[in-house]
Every structure is written in structure tokens, then in C-alpha cells.
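J.: Dropping a prediction and its sequence here:
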Amino acid sequence: MEIYFNLLLKSHLCLLAIILIVYIIEVITGMLLIIRWFRYKKDPKTAIGAADMQAVLYFLFNIGYAVYKVYIKHEISGFNFLIWLVIVLVLSIIVRKLYFKYQGVDPTKPDYEGKL
């Protein structure tokens, strides 16, 4: 289990570094594309879609990181990809629930900004 914990820790540190770099670039340039995306008050259906998208991105990032470390760089031995898939799937479900809970949702806003 230590292999999976270390890989999970490294993937999360890498993910935090990416988010920090993107945040700094957005603040310096003033574009605020991703920051605005998180602050945006969503209608209920868009909120569900955004939560699903974040969970899928989280899942794909962790799978891609594991493939890179195990199969491309050959840094880890004794790795079972099925166990990693289960761990990441459970964490992706948790990320989806947390993202949906803490994102800005305006229940009075019509779905898809009134376009439907």
C-alpha cells in the first residue's frame, strides 16, 4: 500500500503545483479564465455537469500520472493498475461530491442561462 500512497501523494503535489502555476499566471496577466470559471454562479444543471467534468479530469490526471511513472519512466515496481483504478475512482467520486457541494450554485437561475 505504500506504493499507492506515495504515488497518490506525488500526483497530488504535482496537481497542486499545476494549479498554483496557472493561478499565478492568471493573476499576473489579469485574464482570470479559470478563476472566473470557479467563481461563476451556475444554474443547477450546469453545476452537475461542472462537477462531473472536474471528477473526470481528476481521474484522467491521476491515471495519466500513474502510466507515466510506472510504464514510461519505470520508477515503480510491484504496481497493480487495477488497485490504482479503484483508488482513483473512489477519490474521483469524493472530488465530484465536494466540488458540487462547494461550488457556487444559484437555484433561482434558469437552467443553461435560460437557453433551454
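T.: All right, it came through fine. Residues are numbered from 1 along each chain as shown.
J.: so residue 63 touches residue 86, yeah?
T.: No - taking contacts as C-beta atoms under 8 Å, residue 63 lies outside contact range of residue 86: 11.8 Å. For glycine as for every other residue, the C-beta is placed from the backbone atoms N, C-alpha and C.
J.: Give me the more crowded residue out of those two.
T.: Between residue 63 and residue 86, residue 63 has the larger neighbour count (other C-beta atoms under 10 Å), namely 17 against 12.
J.: Give me the nearest residue to that one, chain neighbours excluded.
T.: Nearest-residue entry for residue 63: residue 88, 6.2 Å, with adjacent residues in sequence omitted and distances by C-beta to C-beta, 6 or more residues apart in numbering.
J.: what number of residues lie near that neighbour?
T.: Neighbour count for residue 88, taken as other C-beta under 10 Å: 23.
J.: Residue 84 now?
T.: By other C-beta under 10 Å, neighbour count at residue 84 equals 20.
J.: Name the helix or strand for it, please.
T.: helix 81-102 (DSSP states H and E).
J.: from the chain's centre, how far out does that helix sit?
T.: Centroid separation for helix 81-102 versus its chain: 9 Å, with C-alpha atoms, centre = their mean, to the nearest Å.
J.: thinking again about what came up before, so the residue nearest to residue 63 sits right up against residue 64, yeah?
T.: No - in terms of C-beta under 8 Å, residue 88 does not count as a neighbour of residue 64; the distance is 10.5 Å.
J.: Give me the neighbour count for residue 10.
T.: Other residues near residue 10 come to 15 when the count uses other C-beta under 10 Å.
J.: Good, we can wrap up now.
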